[in-house]
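[1] Below is the structure, and that's it, no one-letter string:
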Ligand SMILES: NC(=O)c1ccc[n+]([C@@H]2O[C@H](COP(=O)([O-])OP(=O)(O)OC[C@H]3O[C@@H](n4cnc5c(N)ncnc54)[C@H](OP(=O)(O)O)[C@@H]3O)[C@@H](O)[C@H]2O)c1
């Protein structure tokens, strides 16, 4: 909110009771942290929730009743048919002035949808084959701390004892740490497929996805194979569409072998896209590699962009 100069008159910060007594700076002013409880949202124009689906289900009705416009970062309402699930670059035009609750998608979905939007304008996308390389920050602050601690222990030759990760995380890769359903997909893979179909407005989109955690601190990477109905855009057309797209930085330099990397995506607002190439095994498919900071485009930045659109639509007093 501060970096994007969102027109904040006054701000209140909420967390769990354990954080009461802490202060966080906003525009150079120390703001106290309050414990989030129903009934505390009177007088607020916007409330952003990001404390998990259970807390959102408990608290969002109270914020709506107080007249606030709510942007929810949890999975609680994402697949509710009455709640828009928005990535502004892909379906921002879907927002209406009467929308009061808007859901922010899964981090991989926000990053992917921004990259897919220009390709979906260049051709009709039919199926995606995806592999994600997800960083620790997608599992919250605790998983980031765990990765750092395990890495220190491994480097210093001490035993690696995971505190949060289900398996050794330092110098390792493991299948995404969410429950696996009867169909063999884990919860993250189901979210990616369902939420992508909703955001892209493509209920019949085929999605095959494998989600994996890699020992990277804070940006996700995704290898994507995009199959089109009919002819695919040429590599040159796909690159041109991506290069002009809002929120995308084309990083596609074969001469220096410079392509998207999580180290360059970390801290950046843009989604990096590169390795754009024709799939030699399919006449109508293009492959690419995508990196995005999921704390920004995958979470906070997308939430603020939604609020900016809502502000423009509703002319909420600044
Ligand atoms: N990490 C991502 O990249 C990402 C991306 C998209 C969506 N999300 C979603 O964002 C949500 C938060 O994830 P996160 O990764 O930010 O987790 P996190 O780092 O663990 O942060 C959780 C936040 O929720 C607060 N909280 C926990 N229990 C609470 C309670 N009982 N009442 C009020 N506040 C409470 C915590 O406050 P304390 O510090 O006081 O505990 C903390 O500020 C989840 O729904 C997640 O699915 C995360």
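    On my side now, so go ahead. All of these numbers come straight from a predicted model, not from anything done at the bench. Numbers count the residues shown, from 1 in each chain.
[2] so residue 97 makes contact with residue 314?
    Yes - with contact defined as CB atoms under 8 Å, residue 97 reaches residue 314; the gap is 5.2 Å. Where C-beta positions appear, they are placed from N, C-alpha and C, glycine not excepted.
[3] Around the ligand, pick out the residues from the stretch 1-150 of the chain.
    15-16, 18-19, 36, 50-53, 55, 73-75, 107, 137-138, 140-142 (CB under 6 Å from any ligand atom).
[4] Quick one: mark the members of the residues you listed that sit in helices.
    Those of these mapping onto helices are 53, 55, 107, 141, 142, per DSSP state H.
[5] Who wins on neighbours among the residues you listed?
    The residue in those with the most neighbours, by other CB atoms under 10 Å, is residue 107 (28 neighbours).
[6] Check it and give its pLDDT.
    With respect to pLDDT, residue 107 scores 97.
[7] coming back round to it: neighbour count for residue 97 and residue 314, which is higher?
    residue 314 (16 against 10).
[8] all helices of the stretch 101-250 of the chain, in order?
    107-122, 141-155, 187-200, 235-244 (DSSP state H, counting those that start in this stretch).
[9] For residue 271, which of these is the nearest?
    helix 107-122 (4.7 Å; CB to CB).
[10] Residue 272 is in what secondary structure piece?
    Using DSSP states H and E, the element containing residue 272 is strand 271-278.
[11] Buried residues, that strand. List them.
    Within strand 271-278, the residues that qualify as buried by neighbour count (16 or more other CB atoms under 10 Å) are 271, 272, 273, 274, 276, 277, 278.
[12] Indicate each strand paired with whichever helix or strand comes after that strand and its parallel or antiparallel sense.
    Sequence order places strand 285-293 as the next helix or strand after strand 271-278, per DSSP H and E. Strand 285-293 has these partner strands in its sheet, going by DSSP bridges: strand 219-229 (antiparallel), strand 271-278 (antiparallel).
[13] picking that back up, can you put the ones in helices among the residues of the stretch 1-150 of the chain next to the ligand in JSON lines and add distance to residue 243?
    Putting these into JSON lines (distance: CB to CB, whole Å) gives the following:
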{"residue": "53", "distance to residue 243": "37"}
{"residue": "55", "distance to residue 243": "40"}
{"residue": "107", "distance to residue 243": "24"}
{"residue": "141", "distance to residue 243": "35"}
{"residue": "142", "distance to residue 243": "38"}
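[14] got any residues that touch both of residue 97 and residue 314?
    The contact sets of residue 97 and residue 314 do not overlap (CB atoms under 8 Å, 6 or more residues apart in numbering).
[15] As a markdown table, the strands paired with strand 285-293 with mean pLDDT and distance to residue 91 would be great.
    Shown next, in a markdown table, are those (pLDDT from 0 to 100; distance: least, CB to CB, whole Å):
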| stretch | mean pLDDT | distance to residue 91 |
| --- | --- | --- |
| strand 219-229 | 98 | 18 |
| strand 271-278 | 98 | 16 |
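[16] possible to save these as a markdown table with distance to the ligand?
    Compiled in a markdown table, those are given as follows (distance: least, CB to the nearest ligand atom, whole Å):
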| stretch | distance to the ligand |
| --- | --- |
| strand 219-229 | 8 |
| strand 271-278 | 14 |
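[17] Switch these over to JSON lines, and while doing so, append distance to residue 294 to every line.
    Formatted as JSON lines, the strands paired with strand 285-293 follow (distance: least, CB to CB, whole Å):
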{"stretch": "strand 219-229", "distance to residue 294": "5"}
{"stretch": "strand 271-278", "distance to residue 294": "10"}
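[18] Looking at those, spot the one closest to residue 45.
    strand 271-278 (28.6 Å).
[19] got the phi/psi numbers for the nearest residue to residue 92 once chain neighbours are set aside?
    Spatially, and ignoring its direct neighbours in sequence, residue 92 is nearest to residue 309 (5.4 Å; CB to CB, 6 or more residues apart in numbering). The phi/psi pair for residue 309 (degrees, to the nearest 10) reads phi -60, psi -40.
[20] Show the contacting residues for residue 309.
    Residue 309 makes contacts with 86, 88, 92, 95, as judged by CB under 8 Å, 6+ apart.
[21] So which of those residues belong to helices?
    Short answer: the contacts of residue 309 in helices (DSSP H) are residue 88.
[22] ok, of the contacts of residue 309, which one's closest to residue 239?
    Distances from residue 239 to those, taken by CB to CB, are shortest for residue 88, at 22.3 Å.
[23] Skip the chain neighbours and tell me the closest residue to that closest one.
    residue 305 (4.7 Å).
[24] Give me the neighbour count for the one you found.
    Other residues close to residue 305 by other CB under 10 Å number 23.
[25] Pretty sure it sits against residue 90.
    No - between residue 305 and residue 90 there is no contact under CB under 8 Å: 11.3 Å.
[26] Tell me the buried residues in stretch 273-292?
    Under 16+ other CB under 10 Å, the buried positions of stretch 273-292 are 273-274, 276-278, 284-292.
[27] what do you get for stretch 305-315?
    Those buried within stretch 305-315 under the rule 16+ other CB under 10 Å are 305, 306, 307, 308, 309, 310, 311, 314.
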